[in-house]
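Chemist: show me how the following folds:
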Amino acid sequence: MSIEQSSAAAAACAPGGKCVPCESLDKSHLLSPQQVETELSSMKLWKLSEDSTKITRSYTARNFQSAMDSLNEIGKIAERENHHPDMHLTGYRNVEIVLFTHSLGGISLNDIAMAKMIDDEVSFNYSPKWLRENPAAKKD
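Modeler: As a prediction, the model looks like this:
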């Protein structure tokens, strides 16, 4: 990525990590797989998709209500930021959050900022078994 592209990508998020309107973004705002991996290195619960166009976070909630509570919290952040993830609930408590900039078909800094907001702001009530198997989910 050139310096101009790097500057353009950095402009995708306003100071404080707030998402900027996606309609103002163009393909120069897409992050390379290497840039995404660098960003995700400190976000252990997020994974880059095989095609490098999305980041995902999956977990098992304690029960259906816990899953819905976390999805509703994520939904409030998405509405506030006007940046909406795909959210999947299966088996009544298995959740997958998928982030990508829909208008670009790939990952921008908006997605990284949104993932950080989800990590920082959402109260997750995980299944005890899932939490034992995923110690990175424990907050200090």
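
Chemist: hang on, Val98 in a strand?
Modeler: Yes: counting by DSSP: H, G, I helix; E, B strand; the rest coil, one finds Val98 located in a strand.

Chemist: in space, not sequence, find me the middle residue of the protein.
Modeler: The centroid of the chain falls nearest to Ala115 when counting by CA atoms, centre = their mean (3.0 Å).

Chemist: what's the pLDDT at the residue lying closest to that one once chain neighbours are set aside?
Modeler: Nearest residue to Ala115, sequence neighbours excluded (CB to CB, 6 or more residues apart in numbering): Trp46, at 5.3 Å. Bear in mind the C-beta positions are built from the backbone N, C-alpha and C, glycine included. Predicted confidence (pLDDT) at Trp46: the value is 98.

Chemist: quick one: contacts for Trp46?
Modeler: Leu40, Ile55, Thr56, Arg57, Ala115 (CB atoms under 8 Å, 6 or more residues apart in numbering).

Chemist: next one: it from Ser108, what distance?
Modeler: Distance from Trp46 to Ser108, counting by CB to CB, to the nearest Å: 15 Å.

Chemist: using PDB, write out every CA atom in the helix of greatest length in the chain.
Modeler: In the chain, taking DSSP state H as the definition, the longest helix is helix 64-81. Taking C-alpha atoms only, helix 64-81 is exported to PDB below (Å, rounded to 0.1, in the frame of the first residue of the first chain):
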ATOM      1  CA  PHE A  64     -30.900 -17.700  24.200                       C
ATOM      2  CA  GLN A  65     -31.600 -14.600  26.200                       C
ATOM      3  CA  SER A  66     -27.900 -13.900  26.700                       C
ATOM      4  CA  ALA A  67     -27.400 -14.300  22.900                       C
ATOM      5  CA  MET A  68     -30.200 -11.900  22.200                       C
ATOM      6  CA  ASP A  69     -28.900  -9.400  24.800                       C
ATOM      7  CA  SER A  70     -25.500  -9.300  23.100                       C
ATOM      8  CA  LEU A  71     -27.000  -9.000  19.600                       C
ATOM      9  CA  ASN A  72     -29.200  -6.100  20.800                       C
ATOM     10  CA  GLU A  73     -26.200  -4.300  22.300                       C
ATOM     11  CA  ILE A  74     -24.300  -4.800  19.000                       C
ATOM     12  CA  GLY A  75     -27.400  -3.500  17.100                       C
ATOM     13  CA  LYS A  76     -27.400  -0.300  19.200                       C
ATOM     14  CA  ILE A  77     -23.700   0.300  18.400                       C
ATOM     15  CA  ALA A  78     -24.400  -0.400  14.700                       C
ATOM     16  CA  GLU A  79     -27.200   2.100  14.600                       C
ATOM     17  CA  ARG A  80     -25.200   4.700  16.500                       C
ATOM     18  CA  GLU A  81     -22.300   4.300  14.100                       C
END
